[in-house]
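**Student:** Provided below are the primary sequence and the corresponding predicted coordinates.
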Amino acid sequence: MTTSNSALVTSMLAFSLLLVSLFPLIQGQAVSTPYTSSNVLYSKHHFQPTRLQSSILRRELSHKRSTLDHTFQLGKELHHPFVNRLDGSVVAVNATIAPSEVNALLAIRESIHVDPFGALANWSAKANSSYCTSWMGVSCDDMGHVISIELTDLMLNGTLNPTIGNLMHLSYLNLSGNSLYGDLPLDLMRCKSLVVVDLSVNYLDGKLLAGHLYKLPKLEYIDFSNNKFSGLLPEVPQNSCVSLTNLMIAFTNLYGAIPSSLDRCKDLRVLVLYSNQLSGNIPISLGKLYKLVKLVLGINGLTGHIPSQLTSLKNLQILGLDLNNLQGPIPTSLGDMTSLVQLNLEWNQLTGHIPSQLASLKNIQLLILENNTLQGPIPPSLGGMTSLTTLYLGNNQLTGHIPSELASLKNLQFLYLNSNNLQGPIPPLLGGMTSLVELWFDGNQLSGHIPSELASLKNLQILGLGSNNLKGPIPTQLGGMTSLVELGLSNNHLSGHIPSELGSLKQLQLLTLQQNNLSGPIPPSLQNCSFLQYLILSDNNLSGTLPSGFEDVTVFWPSLYVFSISNNKLEGNLPLSLASLNSTVAFMDFSMNNFIGTLSTEVDGSHLSSLRVLLVSYNQLEGPIPSWIGGLRSLQVLDVSHNKLTGSIPQNFGNLDGYKVQSGNVSWNPLGSWNPSGTGFIDMVLTPKGQDISEDYAYIWLETTYMDMSSNALEGEIPTGITDLVGMKYLLLSNNKLEGGISPAFQYMEQLETLDLSQNNLSGVIPTSLPFALSTFNVSYNNLNGAIPIGNQFNTFDMSSYIPRNPGLCGDVIKRPCVVDNVPPIGDSTESNEYQIFDYGSLPPFAIGLVSGFFVVVAISLTWAPAFDFVFGGEVRRREEEKRYVASMLRPQQYGLFKYPT
């Protein structure tokens, strides 16, 4: 063979090899990847919103997502093998287009009405040739069949189009975290290859298709949580549910009984029916789901006992039956469920003792039994549950001592024994539980001293020991617990001074020491606790003047929310030269001390835009009420009573918008989102005359509106702007020197329940109409006149509402007839001391004498002027006096006309 021929053969051979190598690529398959039936093409195009869009998305979804961050980790089970298989798939360009599936995707796109991030912008007919590789969230196999749609957390708004049933090869459908609404299309049943369906966190409603979906042979994972589905939980048909491992339908509106037929789902590992309206007993058939790892049925209306059959679930790790109406004892056989990691039975009606057999649960990390009616002692054997990180036994009826064996729980972070009947001392050994983060012993009958050993808990953030019988001083060593955020020691018998060492608690946000026997001054070092939000020192024997700098507490406590030093023996000037900075303070109580001087006029009320409660009563304050109080737009409780305040009520009180809230138009807004004492409540008793009103100021309702300026020396008229405060419920102005009349405009204060204007110098008449809600009314000890109105709420008031004093008032209720109601006809006499001539003889002789005497009197009266005046002048003068009296009653008063009853 010649050289030229050899070159030609070699060239032809090389060309042939090149064609062979390119042929698979022309067919749409990579050379390096041999074709198998399991190969899929998975789009890795995940939507990446901008930082601003992500912030908006988080804000919009935070409320819905937060409900899933539960103790039992109700998030999605991401261990599904199909998801893992997709994650390892190969991306390639499809050579085959399935027109019916493209049209189905386009129809799905048309049913989405709002796409705030433009996630589906490239879902268009113009780009249909690349739907598998460039369309957001779409993945295909090598034949161009759509096998996966994943569009999560995109705030898509619209419906789920029935044409989704044309995606016959769809295996993975995840549309969670959007705003889809409407029914689930029955056409979804045509997707026979479905393995995963996740439609959680949407607004889908109607009845569930679960009964149909159970029949899909490959379906392993269902999550319909956080939607608006209603109706019964569907029964499981025979010969169905053959592959299902995860069934999660939480936070919907399902009702009725849990179907016992769920035991047909033999492979079920996760069953979550949390937060629905399910009722009836827990089916004993659930004990046959031997592969269950998680069973969460909390926040429903389930009744009956906890079935002992559940103890057959040897693989169960999480059991949540909380917030139901379960009764009876805790089965001792639960101690045999040795795989348990979390057990939550709180908020039921369980009775009996805590089974000591629970100590056999060596793997358990979370044990929650609080808010039941459990009795007896805490089993010391619980100290052997060494894996425990959370132990909640609060709000039961447990008795006995706190077992020192609990000190063996070295991993324990949260220990709640609050609100029981525990007695005895706090075991000093608990100071060795160095992992503790929260310790709540409040609301018991614990006695003795606070162990100084607790200061060894360097990781402790919350220490609640309030509402016990603890005595002695507060250990100075507590100042070394530098991680403390909340320290609640209220309502005990603690004595001595407040340790200055507490000023070293730089992270402290809450300090409640009220209702003890603490004495001495308030330590200036507390100013170093710059993160303080709640400082409550009321109901002690604290004395002396306030530390320098307390004139403006908003400077060194910029986040202060509640400040109370009431009912002590503090003295000096009231520190209200505050608000040099914009303040978050909502509650300030200086009442029941010995403060003197005037209320400062240097306060900038606009910096106190959050102040809702201001209490300075029972002091010795003088001078006028400053006008800046009228600029407190959020104020709704004001008490300046029992001082020596003078001057008039500021005219700008009509600007107090907090008193204009209509109770029917608001929902409750707590002053604090948690119990601010950590150990009890901030209690204050408001006592308008005639009733006691006990308000828990840990939670101030928006509709609680109270104003007390009584027992001062205020003068002038009641400002007309007061009647603009239409949301006011309690108004007390008694025991002052107020003048003028009572405005008829009080009738427009429709929420008013108590109005006390007694012991003033008010004059004029009582308005004929008052608010229908008024139940307590007092105008006694004034100078009011006229008839007391009748009808409506006036019929509910007795004479103590009007007298003593008010000599000009009349009416049946005070047994003082109104003269204008009984004006006699002319010629008649109603005077009680007039003689009745028929008492002195019989009628015939009297008639003869009367006729004779009549003519004699007429003759003399007509001829002798003095006689004429004697006979006729008295009656004329009396009638003239009556006319003048009626005219005076009809004279226009300051706030309107008096009209006597007809």
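**Tutor:** Received, thanks.

**Student:** close enough to count as contact, residue 502 and residue 478?
**Tutor:** Yes. Contact status for residue 502 versus residue 478: in contact at 6.8 Å, counting by CB atoms under 8 Å. Bear in mind the C-beta positions are built from the backbone N, C-alpha and C, glycine included.

**Student:** what is in contact with those two at once?
**Tutor:** Overlap of the contact sets of residue 502 and residue 478 (by CB atoms under 8 Å, 6 or more residues apart in numbering) consists of residue 487.

**Student:** what about residue 392, neighbour count?
**Tutor:** Here the number of neighbours of residue 392 (other CB atoms under 10 Å) works out to 21.

**Student:** partners of it in the sheet?
**Tutor:** Note on residue 392: beta-bridge partners by DSSP bridges are residue 368, residue 416.

**Student:** Please apply the same query to residue 278.
**Tutor:** Assigned bridge partners for residue 278, using DSSP bridges, are residue 256.

**Student:** number of nearby residues for it?
**Tutor:** Neighbours around residue 278, by other CB under 10 Å: 22.

**Student:** Could you double-check that it sits in contact with residue 301?
**Tutor:** Yes. The criterion here is CB under 8 Å, and residue 278 meets it with residue 301 at 6.6 Å.

**Student:** which residues does the closest residue in space to residue 410 that isn't next to it in sequence contact?
**Tutor:** Distance criterion CB to CB, 6 or more residues apart in numbering; nearest residue to residue 410, sequence neighbours excluded, is residue 435 at 6.3 Å. Going by CB under 8 Å, 6+ apart, residue 435 touches 389, 410, 411, 412, 413, 459.

**Student:** out of those, who has the most neighbours?
**Tutor:** residue 412 (25 neighbours).

**Student:** What's the separation between it and residue 387?
**Tutor:** 10 Å (CB to CB, to the nearest Å).

**Student:** Equivalent analysis for residue 627, please.
**Tutor:** Distance from residue 627 to residue 387, by CB to CB: 63 Å.

**Student:** I'd like to know how many residues surround the closest residue to residue 357 other than its chain neighbours.
**Tutor:** Distance criterion CB to CB, 6+ apart; nearest residue to residue 357, sequence neighbours excluded, is residue 335 at 3.1 Å. Neighbour count of residue 335, defined by other CB under 10 Å: 17.

**Student:** Then the one 10 residues further on?
**Tutor:** Close neighbours of residue 345, defined as other CB under 10 Å, add up to 25.

**Student:** and what of residue 100?
**Tutor:** Using other CB under 10 Å, residue 100 has 10 neighbouring residues.

**Student:** Give me the three-state assignment for it.
**Tutor:** Classification of residue 100 using DSSP: H, G, I helix; E, B strand; the rest coil returns helix.

**Student:** thought residue 619 was touching residue 597?
**Tutor:** No. At 9.4 Å, residue 619 and residue 597 do not qualify as touching, with contact defined as CB under 8 Å.

**Student:** Show me whatever sits in contact with both of the two.
**Tutor:** Counting by CB under 8 Å, 6+ apart, the shared contacts of residue 619 and residue 597 are residue 574.

**Student:** Could you list the low-pLDDT ranges of the stretch 701-850 of the chain?
**Tutor:** 701-703, 820-850 (pLDDT under 70).

**Student:** can you give me the helices for it?
**Tutor:** With DSSP state H, counting those that start in this stretch as the criterion, the stretch 701-850 of the chain has helices at 843-863.

**Student:** residue ranges of the strands in it, please?
**Tutor:** Assigned by DSSP state E, counting those that start in this stretch, the stretch 701-850 of the chain shows strands spanning 706-708, 730-732, 754-756, 763-764, 776-778, 783-787, 808-810.

**Student:** quick one: which of the contacts of residue 435 is nearest to residue 272?
**Tutor:** residue 389 (22.0 Å; CB to CB).

**Student:** Residue 532: which element?
**Tutor:** Counting by DSSP states H and E, no helix or strand carries residue 532.

**Student:** Does it touch residue 526 like I think?
**Tutor:** Yes. Assessed by CB under 8 Å, residue 532 is found in contact with residue 526 at 7.5 Å.

**Student:** so what sits against both of the two?
**Tutor:** Overlap of the contact sets of residue 532 and residue 526 (by CB under 8 Å, 6+ apart) consists of residue 511.

**Student:** still on that earlier bit, residue 619 and residue 597 - which one has more neighbours?
**Tutor:** residue 619 (24 against 14).

**Student:** Find the nearest non-adjacent residue to that one, please.
**Tutor:** residue 595 (4.3 Å).

**Student:** So that neighbour lies in a strand, does it not?
**Tutor:** Yes. Residue 595: assigned to a strand according to three-state DSSP.

**Student:** Contact partners for it?
**Tutor:** 570, 571, 572, 573, 574, 616, 619, 620, 621.

**Student:** And residue 571, by the same measure?
**Tutor:** So residue 571 contacts 543, 544, 545, 593, 594, 595, 596 (CB under 8 Å, 6+ apart).

**Student:** 6 Å instead?
**Tutor:** Counting by CB atoms under 6 Å, 6 or more residues apart in numbering, residue 571 touches residue 594.

**Student:** what are the ranges of the strands in the stretch 151-300 of the chain?
**Tutor:** For the stretch 151-300 of the chain, applying DSSP E, counting those that start in this stretch gives strands covering 157-158, 172-174, 179-182, 196-198, 203-204, 221-223, 230-232, 246-248, 253-256, 270-272, 277-281, 294-296.

**Student:** Comparing those strands by mean pLDDT, which bottoms out?
**Tutor:** Ranked by mean pLDDT, the strands of the stretch 151-300 of the chain bottom out at strand 230-232, with a mean of 92.

**Student:** Am I right that residue 333 is in contact with residue 309?
**Tutor:** No. With contact defined as CB atoms under 6 Å, residue 333 does not reach residue 309; the gap is 9.4 Å.

**Student:** Give me the common contacts of the two.
**Tutor:** Overlap between the contact sets of residue 333 and residue 309, as judged by CB under 6 Å, 6+ apart, is nil.

**Student:** one step back: check the contacts of residue 435 against residue 194 and report the nearest one.
**Tutor:** When those are ranked by distance to residue 194 (CB to CB), residue 389 comes first, at 38.3 Å.

**Student:** Let me see the contact set for the closest one.
**Tutor:** Applying CB under 6 Å, 6+ apart, we find residue 389 in contact with 365, 411, 413.

**Student:** hmm, 8 Å instead?
**Tutor:** 365, 366, 411, 412, 413, 414, 435.

**Student:** export the residues you listed to CSV and tack on pLDDT?
**Tutor:** Output for the contacts of residue 389, formatted as CSV (pLDDT from 0 to 100):
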residue, pLDDT
365, 98
366, 98
411, 97
412, 98
413, 98
414, 98
435, 97
